[in-house]
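# Just the structure for this:
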Amino acid sequence: MKLLIDKSDLERILGSLSPFLDKRGDTLTSNFYLEAKDGELIFKATNLKSGLSIKTSSVAIETDGATLVDGARFLQVVKPLKRDTITLHQNDGELVVQQGRSRFKVKTNSNTNGFYSFPKIDNMSRLPFNGELLRNGFEKITPSIDGNSPKYELTGGLISISENSLFFVSTDTKRLTVVEEKIEGDSSDLELIIPRQAIIEIPKLFHSNIEFIYNEEFLIIEAGDMFFFTKLINGQYPNWKRIIPTEYTQTFELDKGEFVQNLKLISTVTPETKLTLSSNGVAFETLDYTSLNSKAETSIETPLNLDSTIEFGANSKFILDFLSSIESDSFHFGFNEPNRPFTLWSDNIKTVVMPINL
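Numbering: from 1, shown residues only. Sure thing, here's the model as predicted:
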């Protein structure tokens, strides 16, 4: 295999592929797969749970061929090169990377037949998605996903379709985030649990309207010169609809900017915060003063329809994650009992937060 490719094109492609490299060490899947044929250069990377293939015809191929090249080393070599043409030449178990007088050699593996075969799309279901809607939904639920949860189902986010509504759902058991979008036309009920990495990477890769191609095992997106796949999480997602209250004994509309400013001030000491709601407004103070040897307190003055004070212990990060995901200047705070789960919502997003015991 011998070819010429622009450094900018190569770096862009490798940057998209690198999240899918297996970082565990010297395995086949810690390599990039490169194949030159029919005037195109095909790149692949996979960690076996998900993978990406990118084709480019912006390349001058002198000799066809295929190889596996050490992913980390290849990236390390390409990054400092000038924005100019690069020659790639496979020779005696090495990939020679040359630009002008600069010449590097990276270890290759000739066992291309042993590289993971990407899934086929034959006989799979299809579901179109608005790209912006999908991107917004994924970005808003990502903070509530615990990628290391012992409950495998919770290491991803849920896409649920029912009653002409599309729901994006995530929970780490300490909070639950739900984004609801209305959809037009006939729609069948559907639930897909998508791994966290896929939820993070899909919005980076696809910026226009796309189509989900799926079955019980895989989700695939094929658009232009890119082919992405991820294994779906097989399991029963928690009954999230039961967690969201249908009514509240108290609800308040609060200013987002003031709340963020005061909450960030307290979180400089600790994320564990005590919120005290009264007829005069909201007071913020740090929890566990004894072990911290430090304390912060501040307040917002705003009239609230309360006859007595109400207290909540909360992780300020959960509230700040919610507030950073909304676009409006205000949000709603609802609850039924002191120091019990409370709900934050604005427009089409809700977050239910488990309190810290006071």
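
# what about the strands in the stretch 101-250 of the chain?
Remark: strands assigned in the stretch 101-250 of the chain by DSSP state E, counting those that start in this stretch are 102-109, 125-129, 156-162, 165-171, 175-182, 190-195, 210-214, 218-223, 226-231, 250-255.

# So which of those is nearest residue 66?
Evaluated over the strands of the stretch 101-250 of the chain, closeness to residue 66 peaks at strand 102-109, with 10.1 Å, by C-beta to C-beta. Backbone N, C-alpha and C define where each C-beta goes, glycine included.

# so how far is that closest one from its chain's centroid?
Chain-centre distance of strand 102-109: 33 Å, with C-alpha atoms, centre = their mean, to the nearest Å.

# From here on, call the first residue 391.
Sure thing, new numbering starts at 391, so read that last one as strand 492-499.

# Other residues contacting it?
418, 421, 457-460, 463-464, 467, 471, 480, 483-488 (C-beta atoms under 8 Å, 6 or more residues apart in numbering).

# In contact with residue 430, which residues?
Residue 430 touches 445-447, 449, 451, counting by C-beta under 8 Å, 6+ apart.

# Of the contacts of strand 492-499, which qualify as buried by neighbour count?
Using 16 or more other C-beta atoms under 10 Å as the burial test, the contacts of strand 492-499 include 418, 421, 457-460, 463-464, 467, 471, 480, 485-488 as buried.

# now, which of these lie within strands?
Taking DSSP state E, the ones among the buried ones among the contacts of strand 492-499 that sit in strands are 421, 457-460, 480, 485-488.

# Which of the residues you listed sits closest to residue 588?
The nearest one, if we look at these relative to residue 588 and count by C-beta to C-beta, is residue 421, at 21.1 Å.

# Touching, that closest one and residue 456? I think so.
No: using C-beta atoms under 8 Å, residue 421 is not in contact with residue 456; the gap is 11.6 Å.

# returning to that earlier point: for residue 409, find the nearest of the strands of the stretch 491-640 of the chain.
Using C-beta to C-beta, the nearest of the strands of the stretch 491-640 of the chain to residue 409 is strand 616-621, at 10.9 Å.

# Tell me what angle that closest one forms with strand 580-585.
Strand 616-621 and strand 580-585 are oriented at 100 degrees to each other (axes from the mean of the first three to the mean of the last three C-alpha atoms, to 10 degrees).

# Give me the contacts around strand 616-621.
Here strand 616-621 has contacts from 406, 439-445, 508-509, 584-585, 587-588, 591-592, 595-596, 607-612, using C-beta under 8 Å, 6+ apart.

# Okay, angle between that strand and strand 608-613 too, please.
170 degrees.

# Sort out which residues of strand 616-621 are buried, please.
Buried, per 16+ other C-beta under 10 Å, within strand 616-621: 616-621.

# Which strand residues bridge the residue nearest to residue 641 when sequence neighbours are not counted?
Excluding the flanking residues, the one nearest residue 641 by C-beta to C-beta, 6 or more residues apart in numbering is residue 724, at 4.2 Å. Assessed by DSSP bridges, residue 724 has beta-bridge partners residue 641, residue 733.

# And stretch 725-741, how far out from the chain middle?
Worked out by C-alpha atoms, centre = their mean, stretch 725-741 lies 23 Å from the chain centre.

# ditto for stretch 630-648
25 Å.

# Also stretch 597-609?
The answer for stretch 597-609 is 16 Å, by C-alpha atoms, centre = their mean.

# before we move on, what about stretch 649-659?
The answer for stretch 649-659 is 25 Å, by C-alpha atoms, centre = their mean.

# how about it: buried residues?
Under 16+ other C-beta under 10 Å, the buried positions of stretch 649-659 are 649, 652-653, 656-657, 659.

# for stretch 412-424, same thing?
Result for stretch 412-424 [16+ other C-beta under 10 Å]: buried residues 412, 418-424.

# Now do that stretch: everything it contacts.
Counting by C-beta under 8 Å, 6+ apart, 391, 404, 407, 411, 431-438, 456-462, 464, 478, 485, 498-499, 501-502, 504-506 sit against stretch 412-424.

# Send me it as PDB with only the CA atoms.
Extracted in PDB, the C-alpha atoms of stretch 412-424 (Å, rounded to 0.1, in the frame of the first residue of the first chain):
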ATOM      1  CA  ASP A 412      -9.300   0.000  22.400                       C
ATOM      2  CA  LYS A 413      -7.000   1.700  25.000                       C
ATOM      3  CA  ARG A 414      -6.300  -1.600  26.800                       C
ATOM      4  CA  GLY A 415      -2.900  -2.300  25.100                       C
ATOM      5  CA  ASP A 416      -1.400  -4.300  22.200                       C
ATOM      6  CA  THR A 417      -4.600  -5.800  20.700                       C
ATOM      7  CA  LEU A 418      -5.900  -5.800  17.200                       C
ATOM      8  CA  THR A 419      -8.500  -3.300  18.200                       C
ATOM      9  CA  SER A 420      -5.800  -0.900  19.500                       C
ATOM     10  CA  ASN A 421      -5.000  -0.400  15.800                       C
ATOM     11  CA  PHE A 422      -6.500   1.600  13.000                       C
ATOM     12  CA  TYR A 423      -7.500  -0.400  10.000                       C
ATOM     13  CA  LEU A 424      -6.500   1.100   6.700                       C
END
